[in-house]
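Peer 1: my questions are about this predicted structure, shown below with the sequence.
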Amino acid sequence: MFSNLSLLTSILTVLLLSLVPSFEGRYALVIGIAMGLHPLLSFTIASLGIVILSLLVPRLIEYIDQLIRKLGKRSSLKSIASMYFNYLNRVRRKVKPYVDRYGFIGLVIFVALPIPGSGIWTGSIAGYVLGFEKKKEVPALILGGMLSNLITLLTALGSAVILD
């Protein structure tokens, strides 16, 4: 079984891995199970990582505009900043009807897919580029992340049963 230090190390490992881009909760929880954590504890810790990422990453991505605006004040980068904002606004105008109609469930499904390249980090970037309101984006990220964790947990547990 676990010593207190070993248990704490395993929990922190799962939590920290759940914050890593492309790894996130879905793979962190499998590592936790492989380290000997109870599947429900591993799921819970990985899900905490999902909530942390869903609350922080969209806020961090917002600073891209501020950074590009500052860089755009330099004459050498003004045209690049202008191209960036023109492109971003054009994409947002084009997809607005689709985001309004399918945005929430589309983002949930995208984040929930337990495949490399989807997840909270990528979903946050997609939500930013597509112009999601934070009050819709954050719950979609949390729900999609939790579904991804659940899919991965059930797959891991099912695989363990089949292999036994």
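Peer 2: Received it, and whenever you're ready, just let me know what you need.

Peer 1: worst-scoring helix or strand of this structure, pLDDT-wise?
Peer 2: Here the helix or strand of the chain ranked lowest by mean pLDDT, DSSP states H and E is helix 78-112, holding a mean of 85.

Peer 1: next SSE downstream of it?
Peer 2: helix 120-129 (DSSP states H and E).

Peer 1: okay, the angle between that following helix and helix 78-112?
Peer 2: Here the directions of helix 120-129 and helix 78-112 differ by 130 degrees (axes from the mean of the first three to the mean of the last three CA atoms, to 10 degrees).

Peer 1: what packs against helix 120-129?
Peer 2: Here helix 120-129 touches helix 39-72, helix 78-112, helix 134-163, going by 3 or more CB pairs under 8 Å, 6 or more residues apart in numbering; DSSP states H and E. Any C-beta I mention is one placed from the backbone N, CA and C, and that applies to glycine too.

Peer 1: show me what it is in contact with.
Peer 2: Here helix 120-129 makes contact (CB atoms under 8 Å, 6 or more residues apart in numbering) with 21-22, 24, 50, 53-54, 57-58, 61-62, 64, 88, 91-92, 107, 110-111, 137, 140-141, 144-145.

Peer 1: what does stretch 11-23 give?
Peer 2: 24-25, 27-29, 31-32, 35, 37, 41-42, 45-46, 48-50, 52-53, 116-117, 119, 121.

Peer 1: how long is that stretch from one end to the other?
Peer 2: Its first and final residues considered, stretch 11-23 spans 16 Å by CA to CA, to the nearest Å.

Peer 1: now that stretch: mean pLDDT?
Peer 2: Averaging pLDDT along stretch 11-23 gives 92.

Peer 1: ok, which of the helices and strands packed on helix 120-129 comes nearest residue 7?
Peer 2: Distance to residue 7, taken as CB to CB, is lowest for helix 39-72 among those, at 9.0 Å.

Peer 1: mind listing what's buried along that closest one?
Peer 2: Using 16 or more other CB atoms under 10 Å as the burial criterion, the residues of helix 39-72 that qualify are 39, 41-51, 53-54, 57-58, 61, 68, 72.
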